[in-house]
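Fold the stuff below for me.
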Amino acid sequence: IPARAELYQLSYPGARLESSFGLEIDAVIGMRNGMQKNKGTLTLLVAGIFSVSALATMPAALAQVDTSGWKCEYCPFPAGYEADVEVGATSVSDDAARFGNATGYDESGVYANVDGQGVYAGDGYRLNWMAEDLGLDSRVLTIDGGKPGRFGFHLGYSDLPYRLFDSTQTVFTAPSGERLTLPSDWVAASQTSNMTTLPASLRPRNIESDRKTLSVGADVEAGSDFSFFVDYRQQQREGVGIVAGSNFSQSALLPRVFDFETDLIDAGVNYARGPLSLSLAWFGSFFTNNADSLTYDNPFLTFPGAGQGRLAQEPDNEFTQVSLSGSYRADVLRSVIAFTAAAGQGEQDENLLPYTINPLLSAGSLPRATLDGKIDTMNYALTLTSRPFPKARIKLSYRYDERDNQTPRSDWSRVVVDGFVAPGSDMNIPYSFERARLSVRADYRLFDTVRLSAGYDRREVDRDFQEVAEQTEDTGYGRLRWRPTPALELDVKGGVSKRDVDRYDETFATALGQNPLLRKYHLAYRYREFGEVTLAFTPAEFPVSLALNALYADDSYSESVLGLLAGDELHIAADIGWTVSERTSLYVNVSDEAITSEQAGSSVFAAPNWTATNDDDFTTIGAGLRIRGLMDGVDLRLDYTHSNGESEIIVDPPAGVTSEFPELESEFDDLRLTLSYQSSERLQWNLDLRYYRFNTEDWALEGLAPAAAPSLLSLGAAPYDEDVFVVGFGVRYSIGVSEE
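Now for the predicted structure:
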């Protein structure tokens, strides 16, 4: 419950209401707009709950008011059934994978659609339902209800389409999720240009998938102190992705068919009495892959017996966890203590594939039939929030995470692309780590218009089997918030962060085949400076609001010789809103983000002999118009968004080497006009017009037909170039009657 409520309307200025539980509620007394000043007719809006006994503390003038006619219009308790249902159709002009991603409008044509929502209440029971896009591949349906204070339940189903490419084509067919075959007349060759049957064998194959989620759950109150809950969610992902099947110096991009299923269960019991609350819960995650492996025909001429290759797929696995969390509100220094403790275990024990399916190779037997993978996790967290005196607040938190990988280590033979057995062996590495974070926050109200804040973070990481075993990061910041008037607010924040490493183990890096001068960016020493400024201006006497924001960060990797050397980011944004009249409003927002990084490398496995600079710039402009009552019963909404992105890689190559990358560009436009006509109290007609354009220039895809590269059989994915016109029409009807 907030310590002070701020939104009230009565009919006398300056009244102060005090609740029976000690909260002060400032009341601004005023007549509602448009209400006739009838004697004794007032409207009371209170953002909080207070006892009737508070009336005894009102000023004498207010106490003389006749309250018999008062009515709470903002806290009704409806009964009966109400619903809104919209039926419509949408026409899409062109096939567009990017536009159809997450929306379901990926193909040209007409889509029928149904939306709606409804609520039923009566005899203390309540039921809500919501349906969205039932005619599309992005459909959502939810139902929840129950009796507040006794029990509740929820049901849900959703589809989410993922559309990546609709320009791809392949020579492979997939009789099953574990097999990719070439045409019977396929002519293998050492280069794609010599694959004579390639053009005639190509068939369209979109790279896309769908995610279906089913959820069900319930909670039950058992007396005044205990409650129980259980939630179950099943997620299925089916579709086609891209995976590479390599053949030494040659490779084919494969359209992999996948079928994943994940079951999630969360159940527990809650206890609450007075200042103490506790929750004991169990969580389980169970992943199933209906394809253990992918076997594919090799389209290139290759080693004897290597006409087929096999790739392992994501193995079945599970993770379970038990957690205990709670909080305690103490009167001492008005403090709240919260904690969490959890222990979990992940297991993966699927059968391993043989070293190779090449019948001419003998790599020996596997050291064990299964991985016998096992990871134990431990998590602890403690937070203390205290207000030692009215103007100050302090927050102290500590978190510890541990991942203990107990997977046994073994020596494994090395078979290279099903072609030959390499000498020596490799040992699997069970990575483990421990992470701890300590945070301190302090907030002090210096004056009525000035608030100061400061914070400090300390992070420590210990790792196994990596170049840096111990790493620490210290971050400190300060913040000033100044509000000289109700209309103007300035927020300034700045700080520094320093990440140290005990030492970079060059011996370990060399054993992994790395240049000993290389420093991986997430393991290297880093010094960061950052700052953010926000200015908000919302004058009550003018119908215009303005917000400005600027964020800057600068990173220095001064102890790195090879790898990332520096990076900086600058983000600037502005938002303007204008209430032209009671019926018309405008908005404009503009943002620009520039990211620059520098790196050094070596082409001779020694000191750096080339450098590169990456410059990324993103600009977004948005504008909109709202008009209520454009004509009798007609509302208009117009929105436009433009975004442009440019990425440039500038390389200073070794002497005698020419290296140049074309710019990467993307441009996005989205214009949308919505008209709604309220022909009656229950009937509304909606018209939606939209133009969508998305264009990219990507040198990694431009002109890369399936046979464009001699040693790569690609899928021919093309850069996005989409222009889509959308026309939607719908009828919304309100049904049911609500009684208070």
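
which parts of the top strand by length along the chain are buried?
Of all the segments assigned as strand in the chain under DSSP state E, the longest by residue count is strand 250-273. By neighbour count on 16 or more other Cβ atoms under 10 Å, the buried set for strand 250-273 is 250-258, 260-266, 268, 270. Heads up, the C-betas are built off the backbone N, CA and C, glycines and all.

any idea of the mean pLDDT for stretch 522-539?
In this model, stretch 522-539 has a mean pLDDT of 97.

So which bits of that stretch are buried?
Result for stretch 522-539 [16+ other Cβ under 10 Å]: buried residues 523, 524, 525, 526, 528, 530, 532, 534, 536, 537.

So which of the residues you listed belong to strands?
526, 528, 530, 532, 534, 536, 537.

Redo those residues as JSON lines? Include distance to residue 326.
Putting those into JSON lines (distance: Cβ to Cβ, whole Å) gives the following:
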{"residue": "526", "distance to residue 326": "37"}
{"residue": "528", "distance to residue 326": "35"}
{"residue": "530", "distance to residue 326": "35"}
{"residue": "532", "distance to residue 326": "34"}
{"residue": "534", "distance to residue 326": "36"}
{"residue": "536", "distance to residue 326": "38"}
{"residue": "537", "distance to residue 326": "43"}
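
among those residues, which two are most distant?
526 and 537 (36.3 Å; Cβ to Cβ).

Out of the buried residues of stretch 522-539, which comes closest to residue 116?
Minimum distance to residue 116 across these is 37.7 Å, recorded for residue 536 (Cβ to Cβ).

check contacts around that closest one.
Listed by Cβ atoms under 8 Å, 6 or more residues apart in numbering, the contact partners of residue 536 are 488, 489, 491, 545, 546, 547, 548.

those helices in the protein, which residues are they?
60-63, 97-100, 198-201, 506-511 (DSSP state H).

Which one, of these, ends up nearest to residue 652?
Closest approach to residue 652 among the helices of the chain is made by helix 506-511 (24.8 Å; Cβ to Cβ).

Pull the residues that contact that closest one.
Residues from elsewhere that reach helix 506-511 (Cβ under 8 Å, 6+ apart): 465, 466, 467, 515, 516, 518.

got a winner among those for most neighbours?
Ranked by the number of neighbours (other Cβ atoms under 10 Å), these place residue 467 first, at 22 neighbours.

Is that residue in contact with residue 524, as I believe?
No - at 9.5 Å, residue 467 does not count as touching residue 524 under the criterion of Cβ atoms under 8 Å.

Any idea what residue 445 is bridged to?
Listed by DSSP bridges, the beta-bridge partners for residue 445 are residue 451.

Need the per-residue pLDDT for it.
For residue 445, the pLDDT comes out at 96.

residues touching it, list them.
With the criterion set at Cβ under 8 Å, 6+ apart, residue 445 makes contact with 391, 392, 451, 452.

And it, how far from residue 524?
In this view, residue 445 and residue 524 are 40 Å apart by Cβ to Cβ, to the nearest Å.

before we move on, what about residue 224?
Between residue 224 and residue 524 the distance is 56 Å, computed by Cβ to Cβ.

go on, residue 298?
Taking Cβ to Cβ, one finds residue 298 at 40 Å from residue 524.

got it, and residue 263?
Applying Cβ to Cβ, one obtains 40 Å for the distance of residue 263 from residue 524.

can you list residues touching both of residue 467 and residue 524?
Shared contacts of residue 467 and residue 524, defined by Cβ under 8 Å, 6+ apart, comprise residue 504.

which strands and helices sit next to the longest strand of the chain?
strand 173-176, strand 179-181, strand 226-247, strand 276-289, strand 293-297, strand 712-713 (3 or more Cβ pairs under 8 Å, 6 or more residues apart in numbering; DSSP states H and E).

Swap in 7 Å and give it another go.
Applying 3 or more Cβ pairs under 7 Å, 6 or more residues apart in numbering; DSSP states H and E, we find strand 250-273 packed against strand 226-247, strand 276-289, strand 712-713.

beta partners for the closest residue to residue 469 other than its chain neighbours?
Leaving aside its sequence neighbours, residue 469 sits nearest to residue 463 (Cβ to Cβ, 6 or more residues apart in numbering; 5.8 Å). On the basis of DSSP bridges, residue 463 is bridged to residue 433.

repeat for residue 329
Beta-bridge pairing for residue 329 (DSSP bridges): residue 336.

Please apply the same query to residue 235.
Beta-bridge pairing of residue 235 under DSSP bridges involves residue 213, residue 262.

hang on, it packs against residue 214?
No - with contact defined as Cβ atoms under 7 Å, residue 235 does not reach residue 214; the gap is 8.0 Å.

between these two, which one's more packed in?
Between residue 235 and residue 214, residue 235 has the larger neighbour count (other Cβ under 10 Å), namely 17 against 14.

Enumerate every residue touching that one.
The contact partners of residue 235, taken as Cβ atoms under 7 Å, 6 or more residues apart in numbering, are 211, 213, 262.

For those, give me JSON lines that also has distance to residue 556 and pLDDT.
Below are these laid out as JSON lines (distance: Cβ to Cβ, whole Å; pLDDT from 0 to 100):
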{"residue": "211", "distance to residue 556": "41", "pLDDT": "97"}
{"residue": "213", "distance to residue 556": "44", "pLDDT": "98"}
{"residue": "262", "distance to residue 556": "41", "pLDDT": "98"}
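
so can I have TSV of those showing distance to residue 602?
Supplementary listing: those in TSV, determined by distance: Cβ to Cβ, whole Å:
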residue	distance to residue 602
211	43
213	47
262	43
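
Identify, from the residues you listed, the entry nearest to residue 81.
For those, with residue 81 as the reference and Cβ to Cβ as the criterion, the closest is residue 213, at 27.8 Å.

Tell me how many other residues crowd the closest one.
For residue 213, the count of nearby residues is 17 (other Cβ under 10 Å).

That one reaches residue 232, doesn't it?
No - using Cβ under 7 Å, residue 213 makes no contact with residue 232, being 11.2 Å away.

Which strand residues bridge the closest residue in space to residue 150 that isn't next to it in sequence?
Spatial nearest neighbour of residue 150, excluding adjacent residues (Cβ to Cβ, 6+ apart): residue 221 at 5.5 Å. Residues in a beta bridge with residue 221, per DSSP bridges, are residue 227.

check contacts around residue 221.
Shown in contact with residue 221 (Cβ under 7 Å, 6+ apart): 149, 150, 151, 227.

Can you list the low-confidence ranges for the stretch 501-650 of the chain?
Within the stretch 501-650 of the chain, not a single segment meets pLDDT under 70.

re the thing from before, pick the most deeply packed of the helices and strands packed on strand 250-273.
strand 712-713 (a mean of 20; mean count of other Cβ atoms under 10 Å).

contact partners of that strand?
Here strand 712-713 makes contact (Cβ under 7 Å, 6+ apart) with 192, 251, 252, 253, 299, 706.

My guess is the fourth one contacts residue 242. True?
Think residue 253. Yes - look at residue 253 against residue 242 with Cβ under 7 Å: they come within range, at 5.7 Å.

Give me the common contacts of the two.
Common contacts of residue 253 and residue 242 (Cβ under 7 Å, 6+ apart): residue 715.

Quick check, residue 147 in contact with residue 127.
No - in this structure, residue 147 is not within contact of residue 127 by Cβ under 7 Å, at 10.3 Å.

out of these two, which sits in the busier spot?
Applying other Cβ under 10 Å to residue 147 and residue 127 shows that residue 127 carries more neighbours, namely 15 against 12.

Columns distance to residue 632 on top of the contacts of helix 506-511, output as TSV?
Below are the contacts of helix 506-511 laid out as TSV (distance: Cβ to Cβ, whole Å):
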residue	distance to residue 632
465	73
466	70
467	72
515	74
516	78
518	71
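
which one of the residues you listed sits closest to residue 115?
residue 466 (50.9 Å).

and the closest one, what does it touch?
Counting by Cβ under 7 Å, 6+ apart, residue 466 has contacts residue 523.

and residue 178, what does it touch?
291, 293, 294, 295.

can we see that at 6 Å?
Contacts for residue 178 (Cβ atoms under 6 Å, 6 or more residues apart in numbering) come out as 291, 293.
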